[in-house]
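Participant: Need a 3D model of the following:
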Amino acid sequence: MLSLPPVHGRFPVGVTTFATPVRPSRRVGNAQLKSVKVSSAGRTYALNLEEVAFAAYYPADTSNKPPKSIDWLVRPLKHSLTGISNYSGLSYWLLWPIVFFFGSLIKIPVYRNAPLLRPEEASGSLEKQWPLVIFSHGLGGSRTTYSQFCSRLAASGRVVLALEHRDGTGIASIPKSWGIGDKSTNEPVLYLREEDVFWKDNEVVKEYPKPLRGEQLNFRRDEVYIMYETFQKFLRGDAGVEMETLDGAPFDKASWTNLTSEGASVIKHHDDITFTGHSFGSATGFSLLATQTPQGYQRIPISKLVLLDPWMDPLPSPGPELYQSKEQPQEPPKVLVINSEAFTLWKDHFSRLQDVMSVWEPQGQRILTILGSQHISFSDFAVLPGLVKGHGRLIMNVIGQLSLAFLDDTLDETLKEGIPTTKMTVELVGTKKDGTPKKKLAGEVGHVVVS
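Facilitator: Below you'll find the predicted structure:
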């Protein structure tokens, strides 16, 4: 068995994957598939919201010795293989030996479906609750491909809900059946490219520079609201809530719904919520707070954003800016951006990010760049056993340190005493194939530039 690196922290980490149906299911946007096999539902539209799924990473009660291993790649592997081929543009047949060999072996070293640890037992505090974090993956991601980052947060004493977006940005996902009358088709949702869809005349979402990504942002926002609302009802023990494990496996429901001795939920879900995401997931965070709360949903009380290598291209320009209304004014969240060296050297993109951050965080320098990092450094792909070499673990550790320091309000101290910082100095190191200069940031791998 090949395993991702173990994550060390105050608490052992459990993972349980939940799903909830969307009733009635609905279409989001007008994008249609250029090539589609007629399904039992006869669907040709690209984005159909029929189920929301997410993996919860959390401090685990391991007293009953639950199994310590979950699959890293989404099953069935044949669907993941097709999705990876769509995403990468590489041949299905070229990829299948690698995907089937490594995909069947790689595991995440966490406790599957373990009970949620009671915070009082962990800390001895009668008022202690686990803080809530929402995580959104990037293009080609899934509920498990950021397990290192999510587990790091969970091991520190947080509950992280990592969405598996069903908007065609993930490699592959398989909805489950929810019963007669409004059941899922169980057809896999695979990765979608811009060239895979089309719109009829006058149906394109013109406010977005990338129309498909714009409709996917709308889809993702709905998923976040539905997940949050359902999870709250579940914690309250509402009888009518529909939320089950995605694979149908049993779990200790009482460990989630029991109250503390003070009568509070064991998870702090009414305020001070953190939203975090990578790449398109970071764009989702900006979009969530820059748009009006949809009718029928409650505003999510997000107080902090941790944005990992945010991809700004799908978002309307100028902006985004924090949405404000007289009826539901929002307190500006604290925002931290952790950038890869590659995205910081992407001059036009970095300039736009700086402009946006000057509005969201006008009082602080909150864009940090990790030297030697790449766009994949924030995901598990950077530390896959047997496939990736170099400084992946070092950089992943720095990402975790910076994120936790920000959430614990100790970032300034960490940058002064814990993690070496350096000034931004751009060096020319050669020429690219297209003849343009090849650049890098001067300094040691893992050091941080504050800008």
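Participant: Identify the residues contacting residue 90.
Facilitator: residue 84 (CB atoms under 8 Å, 6 or more residues apart in numbering). For every residue, glycine as well, the C-beta is placed using N, CA and C.
Participant: sec struct for it, please.
Facilitator: Following DSSP: H, G, I helix; E, B strand; the rest coil, we place residue 90 in the coil state.
Participant: what does the one 10 residues further on give?
Facilitator: Here residue 100 is recorded as helix under three-state DSSP.
Participant: Tell me how far the nearest residue to residue 279 once chain neighbours are set aside lies from residue 96.
Facilitator: Excluding the flanking residues, the one nearest residue 279 by CB to CB, 6 or more residues apart in numbering is residue 138, at 3.2 Å. Using CB to CB, to the nearest Å, residue 138 is found at 24 Å from residue 96.
Participant: Those two - which one has more neighbours?
Facilitator: Using other CB atoms under 10 Å, the more surrounded residue of residue 138 and residue 96 is residue 138, with 26 against 17.
Participant: Assess the claim that the more buried one and residue 379 are in contact.
Facilitator: Yes - contact criterion CB atoms under 8 Å: residue 138 and residue 379 qualify, at 7.3 Å.
Participant: Which residues are in contact with each of these two?
Facilitator: In contact with both residue 138 and residue 379: residue 278, using CB under 8 Å, 6+ apart.
Participant: and the residue nearest to residue 197 when sequence neighbours are not counted, what does it touch?
Facilitator: Computed as CB to CB, 6+ apart, the closest residue to residue 197 that is not its neighbour in sequence is residue 31, at 4.2 Å. Contact analysis of residue 31 by CB under 8 Å, 6+ apart lists 45-47, 197-199, 211-212, 215.
Participant: Show me just the buried residues among those.
Facilitator: 46-47, 197-199, 211-212, 215 (16 or more other CB atoms under 10 Å).
Participant: Please name the strands paired to whichever strand in the chain runs longest in the sheet, noting orientation.
Facilitator: Criterion DSSP state E: the longest strand present in the chain is strand 13-27. The strands beside strand 13-27 in its sheet (DSSP bridges) come out as strand 48-59 (antiparallel), strand 106-112 (parallel), strand 244-245 (antiparallel).
Participant: quick one: residue 276 from residue 67, how far?
Facilitator: Using CB to CB, one gets 27 Å for the distance from residue 276 to residue 67.
Participant: which of those two has more neighbours?
Facilitator: More neighbours surround residue 276 than the other of residue 276 and residue 67, with 27 against 10 (other CB under 10 Å).
Participant: For the more buried one, what are phi and psi?
Facilitator: phi -140, psi 160 (degrees, to the nearest 10).
Participant: contacting residues for it?
Facilitator: 133-136, 153, 285, 305-308, 403.
Participant: For the stretch 51-200 of the chain, give me the ranges with low pLDDT.
Facilitator: Under the criterion of pLDDT under 70, the regions of the stretch 51-200 of the chain flagged as low confidence span 124-127, 179-186.
Participant: Which stretches in it count as strands?
Facilitator: 68-71, 106-112, 130-136, 159-164, 172-173, 189-190, 197-198 (DSSP state E, counting those that start in this stretch).
Participant: Strand partners (parallel or antiparallel) of the fifth one?
Facilitator: If I follow you right, that is strand 172-173. Using DSSP bridges, the strands paired with strand 172-173 are strand 189-190 (antiparallel).
Participant: Alright, calling it a day.
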